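*Asks:* Sharing a model that was predicted from the sequence below.
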Amino acid sequence: MTSREKYLIISSDDKDFYSSSNSDFTVTLKEKYNTQSVDRVHIKEVIVPNAFYNISNGNVEEGNGPANNILILKSGDQEFKIEIPSGQYNIIQLIATLEEKINAVIAPNYTTIQRDEITNILTFTITGSSFSFSLSSSIKNVLGFTKEITNDPINVNNYIMQYPPDLSGINSVYIHSSAISDGSGIDASAGIINLVDSISMHNVPYGTFAFKQNNDSELCAINYLMPRNLNVVDIRLRDRTGAILNIGTKRLTLVLKVYYSV
C-alpha cells in the first residue's frame with residue numbers, strides 16, 4: 001500500500017443541517033475515497049473567534065463560559081444577591097454597574113467603589129450596616145477575593161479586596177472531536193478526553209479571531225493504532241470545564257493534514 005497525504009479543511013460553514021451550532025457541529029465530507037484509511041493527522045491551523053463575554057451568567061445561549069456574575073453580600077441573617085448582566089466589561093463599566101446593582105438591592109444603604117491607581121485593588125465603601133462578601137459569590141475571582149471579605153478594622157465602612165480585579169475572561173479554549181481524536185487527551189479532573197487542540201485567547205481582543213499555526217509535525221500529530229474513516233467529522237468547542245461554548249454566527253475552522261493509505 002502507498003501512503004499519501006492531503007489537506008482537509010473543516011469549517012462550521014459546511015456543517016450538516018442537524019448540527020447544534022457553529023461550535024458544536026458535524027461535517028459530512030463530499031470527498032470520501034481519500035479519507036477512508038487515515039493513519040494519522042497533523043493539526044496544521046485553527047481559527048476560533050473570541051465571542052466570549054468576560055462576565056457571564058453561564059447560559060451558553062447568551063455568551064458562554066462558567067458563571068461569574070453573582071455577588072453575594074451578607075449582613076447578619078440577611079443575604080443580598082447582586083446579579084451583573086452578561087457582557088464584555090472594562091473596569092470602569094464594571095464598577096459603574098456594580099454600584100448601580102448593589103445600591104438597588106441594599107437600599108437605604110449606599111455603595112461607592114474606588115480603584116487604587118497603583119495597585120488596581122478595589123475598595124467598596126458601604127454605609128450603614130456591616131456586610132461581608134461571601135465566598136459563594138461566583139464573581140469573587142473577577143473582583144479579586146479568595147476568602148470572605150469583612151469591613152476594614154480602621155475604616156469600618158470599607159471592604160478592601162485582596163487582589164486586583166481579573167477581567168481577562170476565558171484564557172484558553174479547546175477543540176474536541178471523537179472522530180479525529182478518540183481519546184488523545186487526558187484531563188486531570190475528567191480523565192480521557194477527545195482533545196484535538198488548545199487555543200490561547202490571552203491576547204485576542206473580544207470580537208476578533210485567534211489563529212494558531214502548528215509548524216512542529218511531532219507536536220501536532222495524532223496517530224491511530226488502526227486506520228480510520230474520517231468521512232464524517234464532529235467538532236465541539238469547549239472551555240476548561242468541558243462546557244460547550246457558543247460563537248453565534250461566527251466561523252470556526254480547522255486545517256488538517258491527513259495521511260492515508262491507498
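*Replies:* Now that the structure is in, tell me what you want to look at. Numbering: from 1, shown residues only.

*Asks:* Tell me where the model's unsure across the stretch 101-250 of the chain.
*Replies:* Of all residues in the stretch 101-250 of the chain, none has pLDDT under 70.

*Asks:* Going along the chain, name the helices of it.
*Replies:* 140-143 (DSSP state H, counting those that start in this stretch).

*Asks:* Strands of that one, start to end?
*Replies:* 111-115, 122-126, 132-133, 149-150, 158-160, 172-176, 185-187, 191-193, 195-200, 209-213, 221-228, 232-238 (DSSP state E, counting those that start in this stretch).

*Asks:* Would you check that Ile106 makes contact with Ser130?
*Replies:* No - counting by C-beta atoms under 8 Å, Ile106 stays clear of Ser130, with 11.8 Å between them. Backbone N, C-alpha and C define where each C-beta goes, glycine included.

*Asks:* Overlap in contacts, the two.
*Replies:* Ser75 (C-beta atoms under 8 Å, 6 or more residues apart in numbering).

*Asks:* Quick one: closest of the strands of the stretch 101-250 of the chain to Ile95.
*Replies:* Comparing those against Ile95 with C-beta to C-beta, the closest turns out to be strand 111-115 (4.8 Å).

*Asks:* Give me the helices and strands touching the closest one, please.
*Replies:* Strand 111-115 is packed against helix 91-106, strand 122-126, with contacts defined by 3 or more C-beta pairs under 8 Å, 6 or more residues apart in numbering; DSSP states H and E.

*Asks:* Partner strands of it, with direction?
*Replies:* Applying DSSP bridges, strand 111-115 is found paired with strand 122-126 (antiparallel).

*Asks:* rewinding a little: more neighbours, Ile106 and Ser130?
*Replies:* Ile106 (20 against 13; other C-beta atoms under 10 Å).

*Asks:* Let me see the contact set for the more buried one.
*Replies:* 73, 75, 80, 126, 128-129, 131 are the contacts of Ile106 under C-beta under 8 Å, 6+ apart.

*Asks:* what about 7 Å?
*Replies:* By C-beta atoms under 7 Å, 6 or more residues apart in numbering, the contact set of Ile106 is 73, 80.

*Asks:* Report the separation between it and Gly183.
*Replies:* 50 Å (C-beta to C-beta, to the nearest Å).

*Asks:* Nearest the geometric middle of this structure, what residue?
*Replies:* Residue closest to the mean C-alpha point of the chain, counted by C-alpha atoms, centre = their mean, is Ile170 at 3.8 Å.

*Asks:* For that residue, list the residues it contacts.
*Replies:* Ile170 neighbours (C-beta under 7 Å, 6+ apart): 52, 65, 201, 239.

*Asks:* quick one: contacts for Asn231?
*Replies:* Contacts of Asn231 (C-beta under 7 Å, 6+ apart): 28-29, 32, 35-36.

*Asks:* now do Thr146
*Replies:* With C-beta under 7 Å, 6+ apart, Thr146 has these contacts: 140, 162.

*Asks:* Could you report the separation of it from Asp166?
*Replies:* For Thr146 relative to Asp166 (C-beta to C-beta), the value is 11 Å.

*Asks:* What of Cys220?
*Replies:* Applying C-beta to C-beta, the value for Cys220 to Asp166 is 30 Å.

*Asks:* Compare these two and say which is more crowded by neighbours.
*Replies:* Cys220 (20 against 13).
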